[in-house]
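> Mind looking at a prediction? Sequence and model below.
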Amino acid sequence: MPPWAVENHAARARGRHRKTRASLAALAATCIALVSGCASDDASGTVADTSDAVYRLAIFDPGGDIDPLTAADPYALAITGLVTEPLVSLDVNGYLNPRLATDWSASQDGLTWTFTLRGDALFNDGSAVTAADVAATFDAISADDSMSPGGSAFAGILESTSAVAADTVRFTLERPFADFPLLLTGTNTGILPADYVPGTWRDDPVGAGQFLLEDYTIGQGATYVKNPDYWNADEIDLDGVELKIYGDAQASVLAFQAGELDRIGLTSDVASTVDLDEYNIISSSYNRIDGLFFNTDLAPFDDESVRQAIAWAIDREKLVDDVYEGNAEVANDTVFLPDYLLQPQGLEQRQQDLDEVARLLGNRTIEFTLTTSYQLLGEVLQQQLNAVPGFEVTLEVLTSEQYYAEGENSPWLNAPVTATSWAKRVPSQYISLIYAEQSPMNASHYANSDLEDLSVLFDATTDEAERQLLVDDIAEIQWTDVPVVVPAFSTSRALQNTRVVGDFVGALDFYSGYNFAGISIAN
């Protein structure tokens, strides 16, 4: 699976992150990791006791630090995220849900956001959650010398965080940013005590979340019990959660069938092995985009018609089937994920159109090498394009270390055509990172001042009608100039044991804050 370039490249660039390959590979699998059976080394063959109200998930051994501030690996984030609590979280439809914060508002000029905290929230050491704790947490995330991968989300946006009163925190921004509350749902945003020392969490797993970490054993997993002092404890019906470490896919399926796991990713292999009628099929929210990036400094990709021809040559429906096994939605070369509340209007949905390809190419044959670390996506794109007259594509598959190598000639930023995955962001952040001329992560070497100006205006605008018009204008530029082909938005489906009752408020990953409210286990 592909690496998640944004958090991890930024972390490496700032000297934040080690154990690169393990963390990158794991982050790429977030769409299925916490909902999949990642397999078992347990050969006991015993059927699990399902009489208790404990939700069981599979994970791999974390590839990085198990610390709420510095974790990038999704399994480390799972371990810490069950204990910590964010200010807000997203539901499955993209709406914000109050967590430690009860309400929030922006100043008229859009440069400050004020959040009110609930008065009944406690850390699991018994101390109250205050605005000072919130301010200290975000200072640690966004500081210039921060080791937190989450800091990249706030770069160029968050200037400072301050406690106005015990229950009131103020975020001062460098520029107006209407989607600022969405940034608080991302990586490393669980609130910690003001005196928290990074690197101490394993010894003292502090947080204000739904569960208490009872035990963590390397190679085996983690067990949790319900936090009786959680602010929303009445809605937490589970006695606990268990994260079980497994090792290979076949054992994972067997563990799921034996009732040792409550959830497993619905891949084609799983679908062909288990009886789907015995389980519930559930869906998770969108979690990344996979882009095909053209280096527009190089011929022939400095020619808009060539980029458009490639966009029309891709069979997106088949790509969704062959690469994502149906766990994705066809995209249209814009960065507005389907669960973002405003969607582009008026664009023709691109699908494979060989007549349009022929018109755009004329009599030209375009030869190029596609470079990626995402082998399956690269292979399918290569096969599709080579089946279309006018393209001769070779494929270069690199390891994550090779693809994201440090230095000015890093392949993911300089090869003629690359395929890279980007973690979930708000649309304007994609623009500032992927499309902006001065961005060090602009793999397409693309520049369009109109697009950047529209994005800044979009961030500063709160009127929904005006924002919709700006979305339409932004999307039209992305669709027409197509420096990046975005063929699909990744999501995931999973099988869940029928003993689990209730619907998850959000996806079971760090974008939702691991919200188990309303989930119970049938007797």
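Structure received. Numbers count the residues shown, from 1 in each chain.

> gap between residue 407 and residue 371?
Separation of residue 407 from residue 371 (Cβ to Cβ, to the nearest Å): 15 Å. To be clear about C-beta, it is placed using only N, CA and C from the backbone, and glycine gets the same treatment.

> repeat for residue 88
Looking at residue 88 against residue 371, where the rule is Cβ to Cβ, the gap reads 38 Å.

> Looking at residue 407 and residue 371, which one has more neighbours?
A direct count of neighbours by other Cβ atoms under 10 Å for residue 407 and residue 371 places residue 371 higher, at 23 against 7.

> I'd like the next helix or strand past the strand or helix carrying the more buried one.
Following DSSP states H and E, one finds residue 371 within strand 366-372. Going down the chain from strand 366-372, the next helix or strand is helix 375-386, by DSSP H and E.

> for that following helix, which positions count as buried?
377, 378, 379, 380, 381, 382, 384, 385 (16 or more other Cβ atoms under 10 Å).

> Buried residues in the longest helix seen in the chain, which are they?
When the chain is parsed with DSSP state H, its longest helix is helix 464-481. Within helix 464-481, the residues scored as buried using 16+ other Cβ under 10 Å are 467-468, 470-479, 481.

> just checking, what packs against that helix?
helix 304-313, helix 449-460 (3 or more Cβ pairs under 8 Å, 6 or more residues apart in numbering; DSSP states H and E).

> shaky segments in the protein?
Within the chain, the stretches with pLDDT under 70 are 1-51, 510-511.

> top strand in it by residue count?
Of all the segments of type strand in the chain, defined by DSSP state E, the longest one is strand 280-294.

> elements contacting that one?
By 3+ Cβ pairs under 8 Å, 6+ apart, strand 280-294 packs against helix 30-33, helix 304-313, strand 417-423, strand 484-496.

> closest one to residue 522 among those?
Set against residue 522 and scored by Cβ to Cβ, these come closest in strand 484-496, at 12.0 Å.

> Pull out the CA atoms of the closest one and give them to me as PDB.
Presented in PDB, the C-alpha positions along strand 484-496 are these (Å, rounded to 0.1, in the frame of the first residue of the first chain):
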ATOM      1  CA  VAL A 484      -2.800  16.000 -10.900                       C
ATOM      2  CA  VAL A 485      -5.200  13.200 -12.000                       C
ATOM      3  CA  VAL A 486      -7.300  12.200  -9.000                       C
ATOM      4  CA  PRO A 487      -9.100   9.000 -10.200                       C
ATOM      5  CA  ALA A 488     -10.600   7.700  -6.900                       C
ATOM      6  CA  PHE A 489     -11.300   8.600  -3.300                       C
ATOM      7  CA  SER A 490     -10.300   5.700  -1.000                       C
ATOM      8  CA  THR A 491     -12.700   4.400   1.600                       C
ATOM      9  CA  SER A 492     -13.200   1.000   3.100                       C
ATOM     10  CA  ARG A 493     -15.800  -1.600   3.800                       C
ATOM     11  CA  ALA A 494     -15.700  -4.100   6.600                       C
ATOM     12  CA  LEU A 495     -17.400  -7.200   8.000                       C
ATOM     13  CA  GLN A 496     -18.600  -6.900  11.600                       C
END
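
> now the angle between helix 304-313 and that strand, please.
Angle, strand 484-496 to helix 304-313, by axes from the mean of the first three to the mean of the last three Cα atoms, to 10 degrees: 20 degrees.

> a markdown table please, covering the buried residues of helix 464-481 and showing distance to residue 76.
What follows is the buried residues of helix 464-481, written out as a markdown table (distance: Cβ to Cβ, whole Å):
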| residue | distance to residue 76 |
| --- | --- |
| 467 | 36 |
| 468 | 38 |
| 470 | 37 |
| 471 | 35 |
| 472 | 40 |
| 473 | 40 |
| 474 | 35 |
| 475 | 35 |
| 476 | 40 |
| 477 | 38 |
| 478 | 34 |
| 479 | 37 |
| 481 | 38 |
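
> what's the neighbour count on residue 172?
13.

> what lines up beside the strand holding residue 371 in the sheet?
Using DSSP bridges, the strands paired with strand 366-372 are strand 391-397 (parallel), strand 417-423 (parallel).

> looking at those, which is buried most?
Comparing the strands paired with strand 366-372 by mean neighbour count (mean count of other Cβ atoms under 10 Å), strand 417-423 ranks first with a mean of 25.

> contacting residues around the next helix or strand after it?
Per DSSP H and E, strand 417-423 leads on to helix 427-430 as the next helix or strand towards the C-terminus. Residues outside helix 427-430 that contact it (Cβ atoms under 8 Å, 6 or more residues apart in numbering): 153, 177, 179, 289, 335-337, 340, 422, 455-456, 458-459, 471, 474.

> Farthest pair within those?
Farthest pair in the contacts of helix 427-430, by Cβ to Cβ: 289 and 456, 21.3 Å.

> Compare the two (neighbour count), which wins?
residue 289 (25 against 16).

> what residues are up against the more buried one?
For residue 289, counting by Cβ under 8 Å, 6+ apart, the contacting residues are 331, 335, 337, 421, 422, 430, 486, 488, 489, 490.

> Assign residue 145 to helix, strand or coil.
coil (DSSP: H, G, I helix; E, B strand; the rest coil).

> Now do it against residue 504, distance only.
36 Å.

> Neighbour count: these two, which is higher?
residue 504 (23 against 9).

> Wasn't the more buried one part of a strand?
No - counting by three-state DSSP, residue 504 is located in no strand; its state is coil.

> ok, now which ones touch it?
92, 282, 512, 515, 516, 519.

> and the gap between it and residue 412?
Look at residue 504 and residue 412: by Cβ to Cβ, they are 33 Å apart.

> just residue 223 next, same as before
Residue 223 is 39 Å from residue 412, by Cβ to Cβ.

> What residue in this protein is the furthest from its centre?
Distance from the C-alpha centroid of the chain, by Cα atoms, centre = their mean, peaks at residue 363 (41.0 Å).

> Now do the same contact list for residue 339.
90, 92, 93, 94, 285, 286 are the contacts of residue 339 under Cβ under 8 Å, 6+ apart.

> Identify the residue spatially nearest to it, adjacent ones excluded.
Counting by Cβ to Cβ, 6 or more residues apart in numbering, residue 339 lies nearest to residue 94, which is 3.8 Å off, once chain neighbours are set aside.

> Next, the one you found: phi, psi?
Main-chain dihedrals, residue 94, degrees, to the nearest 10: phi 90, psi 10.

> So it versus residue 246, what's the distance?
From residue 94 over to residue 246 the distance is 32 Å, taken as Cβ to Cβ.

> more neighbours, these two?
residue 246 (24 against 16).

> Isn't the more buried one up against residue 58?
Yes - if you go by Cβ atoms under 8 Å, residue 246 and residue 58 touch, sitting 5.1 Å apart.

> measure residue 278 to residue 497 for me?
Distance from residue 278 to residue 497, counting by Cβ to Cβ: 9 Å.

> Which of the contacts of residue 339 are buried? Put it as a PyMOL command.
Entered in PyMOL, the line below selects the buried ones among the contacts of residue 339, by 16+ other Cβ under 10 Å:
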select buried, resi 90+92+94+285+286
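
> Report the two of the contacts of residue 339 separated the most.
93 and 286 (11.2 Å).

> can you tell me which residues contact the residue nearest to residue 367 when sequence neighbours are not counted?
Counting by Cβ to Cβ, 6+ apart, residue 392 is the residue found nearest to residue 367 once chain neighbours are left out, at 4.4 Å. Residues in contact with residue 392, defined by Cβ under 8 Å, 6+ apart, are 365, 366, 367, 368, 386.
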